[in-house]
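Novice: from the sequence below, what's the structure:
(one chain, ligands or ions: 2)
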Amino acid sequence: MAFAGPELLDSFQMDHQGRQTRVQNILARHRLDGLLVNHLPNVRYLCGFTGTAGVLLVAENRSLFFTDGRYTSQAHDEVKASKVVIAQLPPLAAAAKWIAANHKGKQRWRLGIEGEHLSVAARSRLAGALPGGCQLRQAPALVERLRMVKDPQEMDCIRAAVGLGASLFDRALKIIRPGVKESEVAAEMEYAAHQAGAQEMSFSTIIAAGKRSALPHGRASAARIPSSGFVVCDFGVILTGYCSDMTRTVHVGRVSAAERRGYQAVLSAQQASIDRVRPGVSCGEVDRAGRKLLKKEGLARYFTHSTGHGVGLEIHETPRVAAGQTEVLQPGMVITIEPGIYLPGQWGVRIEDMVVVTTSGCEVLGSTSKELITL
Ligand code: ZN
Ligand code: ZN
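Specialist: Ligands and ions are numbered 1, 2, ... in the order given. Got it, this is the predicted structure:
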């Protein structure tokens, strides 16, 4: 199967200028004159830079990207919507120096920082390098909020990542059998991912077999798949910067009545949450819909994590789909729906898909079967 690779879907097709304008338009509302963006996924989102050292300064009517000499040609290639500054200093220090030189003597210049992503030490170095009239303020998660709603170019990337990710499950089905190590299954999947053009996995592949299926985050280990039991497979790839995330649970050997009932309950809970996804509904309501179904089956106490999370440039991003979350769904948001139950020392089941919120409901991305597969 062929996938649209980086040559078809590249960062140049993204509307970085439009995204930066949206940030500039809301700065005043947050009583800021500029925003210093150092969280790399946010930097990438706003200016297209894919390297690992750089900060972006978005001010009312200008935008500068600071990086170091290692990225001279990459930054000039990738960053079109901001002025590129190649600095001898670390990027944050270079940005501070530029601000100091350009805002000397000004009465008040309010610089927003990404408090969730800037260390205490970096913040104090920044404060020390700025002139007296500059005020540092912790900005709300402005860029993360913009990133929640995906634009059509991002959806192309996400669909391609989901397609590649889903193909790895077919690979897993060919390998999973009693006696095979979990890590062998994961290694085969990851090899297939790289061969198909994935940049990397979205996270360490989870293959949790038998009793280990009761661990919600059972990274593939050296344990061998037992002769009977569930195998939880949770995996994803990064393609053109965008993540995929999917879980399927299969079974080896004879399925007990309790296991079959548990599997069907999780599947129904997932469908109940999916059915609740539409614009105007809160994330908490989506979580509640699935949980309610498991409660009816007497299994809610085994559903020990939240229902899902946003996915995009990062594997876990806003919104959180969890109990009590008041964030309201909007068209273009991409979230996972991944209920699971975990009976300690016995077995576990999780089923996960990514969905995109549409104008009237949602679309499940990918079409991999969810009927219980026994191997
Ligand atoms: Zn997952
Ligand atoms: Zn997930």
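
Novice: mind listing what's buried along the strand or helix carrying Ala166?
Specialist: Secondary structure assigned from DSSP states H and E places Ala166 in helix 152-175. If you call a residue buried by 16 or more other Cβ atoms under 10 Å, then helix 152-175 has these buried ones: 153-154, 156-169, 171-172, 175. All C-beta atoms are positioned from the backbone trio N, CA, C, and that covers glycine.

Novice: after it, which helix or strand is next? Please name it.
Specialist: Going down the chain from helix 152-175, the next helix or strand is helix 182-195, by DSSP H and E.

Novice: what strands flank the following helix or strand past that following helix, and is each parallel or antiparallel?
Specialist: Once the chain leaves helix 182-195, the next helix or strand it forms, by DSSP H and E, is strand 200-201. The pairing partners recorded for strand 200-201 under DSSP bridges are strand 237-239 (antiparallel).

Novice: and the strand it pairs with with ligand 1, contact?
Specialist: No - contact of strand 237-239 with ligand 1 (Cβ under 5 Å from the ion) is absent, the minimum separation being 11.6 Å.

Novice: now do the same end-to-end measure for stretch 112-123.
Specialist: The separation between the terminal residues of stretch 112-123, taken as Cα to Cα, to the nearest Å, is 11 Å.

Novice: what's the answer for stretch 120-140, then?
Specialist: Length of stretch 120-140, first residue to last, Cα to Cα: 17 Å.

Novice: and stretch 281-298, C-alpha only, in PDB?
Specialist: C-alpha atoms of stretch 281-298 as PDB (Å, rounded to 0.1, in the frame of the first residue of the first chain):
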ATOM      1  CA  VAL A 281     -21.000  18.800  23.000                       C
ATOM      2  CA  SER A 282     -18.400  19.000  25.900                       C
ATOM      3  CA  CYS A 283     -15.500  16.500  26.100                       C
ATOM      4  CA  GLY A 284     -16.900  15.500  29.500                       C
ATOM      5  CA  GLU A 285     -20.200  14.400  27.900                       C
ATOM      6  CA  VAL A 286     -18.300  12.200  25.400                       C
ATOM      7  CA  ASP A 287     -16.400  10.600  28.300                       C
ATOM      8  CA  ARG A 288     -19.600  10.100  30.200                       C
ATOM      9  CA  ALA A 289     -21.400   8.300  27.400                       C
ATOM     10  CA  GLY A 290     -18.900   5.500  27.200                       C
ATOM     11  CA  ARG A 291     -18.500   5.200  31.000                       C
ATOM     12  CA  LYS A 292     -22.300   5.000  31.400                       C
ATOM     13  CA  LEU A 293     -22.400   2.000  29.200                       C
ATOM     14  CA  LEU A 294     -19.600   0.200  31.100                       C
ATOM     15  CA  LYS A 295     -21.400   1.000  34.300                       C
ATOM     16  CA  LYS A 296     -24.500  -0.800  33.100                       C
ATOM     17  CA  GLU A 297     -22.300  -3.900  32.500                       C
ATOM     18  CA  GLY A 298     -20.800  -3.500  36.000                       C
END
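
Novice: for that stretch, buried residues please.
Specialist: Neighbour-count burial for stretch 281-298, counted by 16+ other Cβ under 10 Å, picks out 281-291, 293-294, 297.

Novice: now for the residues you listed: which two are most distant?
Specialist: Farthest pair in the buried residues of stretch 281-298 (Cβ to Cβ) is Ser282 and Glu297. Separation: 23.9 Å.
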